[in-house]
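> Just a sequence and a predicted model for now, questions to come.
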Amino acid sequence: MSELFLGLMSGTSADGIDAALVRFEATPQLVAARTYPWVPELRAQLVALGQGGDVTSLDALGELETRIGLAFAEAANALMREAEVAPASVRAIGSHGQTVRHRPAARHPFTWQMGDASVLAERCGITTVADFRRRDVAAGGQGAPLMPAFHAAMLHAQTEDRAVLNLGGIGNFTLLPTSGQVLGFDTGPANALMDAWCERHTGQAFDASGAFAASGQVHAGLLQRLLDDAWFALPPPKSTGREQFHLDWVEAALQALAVSPADVQATLLELSAQTVTDALKATQPGTRRVLVCGGGVHNPRLLDRIAAHLPEVVVESTAVHGLDPDYVEAMGFAWLARETLAGRPGNLPSVTGAAGPRVLGAIHPA
């Protein structure tokens, strides 16, 4: 039966709320999609929290939870207005929320995506499924990445080993072999460090087309210091976020080195490219095609460096295969909401390390 779902996603970069209306038939159809920017003051607070900062009080934390929920609701309602879709025709919203802390390896593991789903259900009048990651963490998993099940449903091929590479703030892979288990894991920083460094030194929120990086040279000493971080050597399953990879981490590596801002940017781009490709070579060396989505798909210099490290592999956008690279994750959370309402598991234990398949998320009725 044809059904409409609305997916909402804001990633590690916190560069905006991605909203996607998806019609599920034989294959998912993207009906409408748009990215809605955060209010600058609120975005600054979210980025600071994601990098390990703290709020000043419980009152401030509670208010932030509501403000994020309101922002998500405004994005959902705006998309429905623009697409001329009535809320009554949308079966459910799947809301990822905004990750402010991700600690699956803590003594008492947890992950926290803020954005009050009750506010969404109330303001939109639509059943809302949210808080997808916690159940997987409770089952001993990483709670991330959660897109591999969606990637496998949409992009698996019986003719070649493939990998789906999401270049968001953090990079992550879904490995799709022709047969056998689907695997997935985070690779480390993709855009988050480059965006933050670019904003600090140019005032621009991101390095358009990689031009700032192209103006510099890779600093071999700095690159090696960054690559020496023990996290990169961890085996899957693994996940990470801004609390691990942030500008203070870069500054610590820069101690006693004289490196120009442009050279740092070039080095951060090379870090993203090398950690991505090293991870793929170590886990699925027979990969023939890498399908790229996320904001990094618009950085031709980053894609060129990834391709240079993988000369025998086709590196191309998911758009070639019918999925808009900017909205794959928002579509994925629409799909996860659909799976939850149907009582079907949304995680892959082979990816997250959870004790078993689990139905994810909490349902907030309209």
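In hand now; what should we look at? Here the structure is a predicted model, which is why all the values come from computation and not from measurement.

> And stretch 262-282, how far out from the chain middle?
Its chain's C-alpha centre and that of stretch 262-282 lie 17 Å apart, by C-alpha atoms, centre = their mean, to the nearest Å.

> and it, average pLDDT?
The average pLDDT within stretch 262-282 is 98.

> and if you look at stretch 134-143?
98.

> First-to-last residue distance for that stretch?
End-to-end distance for stretch 134-143: 6 Å, by C-alpha to C-alpha, to the nearest Å.

> and what of stretch 133-142?
8 Å.

> buried stuff in it?
For stretch 133-142, burial by neighbour count (16 or more other C-beta atoms under 10 Å) applies to 133-137, 139, 141-142. In short, each C-beta sits where N, CA and C put it, glycine included.

> got it, and stretch 225-242?
225-227, 229, 232, 236-242.

> Stretch 39-56 too?
Buried-residue list, stretch 39-56, by 16+ other C-beta under 10 Å: 42-43, 45-51.

> what does stretch 259-275 give?
259, 262-275.

> Please apply the same query to stretch 327-345.
Those would be 327-341, 345, for stretch 327-345 by 16+ other C-beta under 10 Å.

> Show the average pLDDT along stretch 225-242.
Here the average pLDDT along stretch 225-242 is 95.

> Show residues contacting the lowest-mean-pLDDT helix or strand in the chain.
None of the helices or strands of the chain scores lower by mean pLDDT, DSSP states H and E than helix 40-50, at a mean of 89. Residues outside helix 40-50 that contact it (C-beta atoms under 8 Å, 6 or more residues apart in numbering) are 12, 14-15, 37-38, 55, 64, 67-68, 71, 98-101, 196, 241-243.

> Just the ones in strands from the residues you listed, please.
98-101 (DSSP state E).

> Among those residues, which pair sits farthest apart?
For the ones in strands among the contacts of helix 40-50, the farthest-apart pair by C-beta to C-beta is Q98 and R101; their separation is 10.6 Å.

> of the two, who's got more company?
Shown here are Q98 and R101; by other C-beta atoms under 10 Å, Q98 has more neighbours (27 against 17).

> Would you mind giving both backbone torsions of the closest residue to that one other than its chain neighbours?
In space, and not counting its chain neighbours, Q98 is closest to S10: 4.8 Å by C-beta to C-beta, 6 or more residues apart in numbering. Dihedral pair for S10: phi -130, psi 120, per degrees, to the nearest 10.
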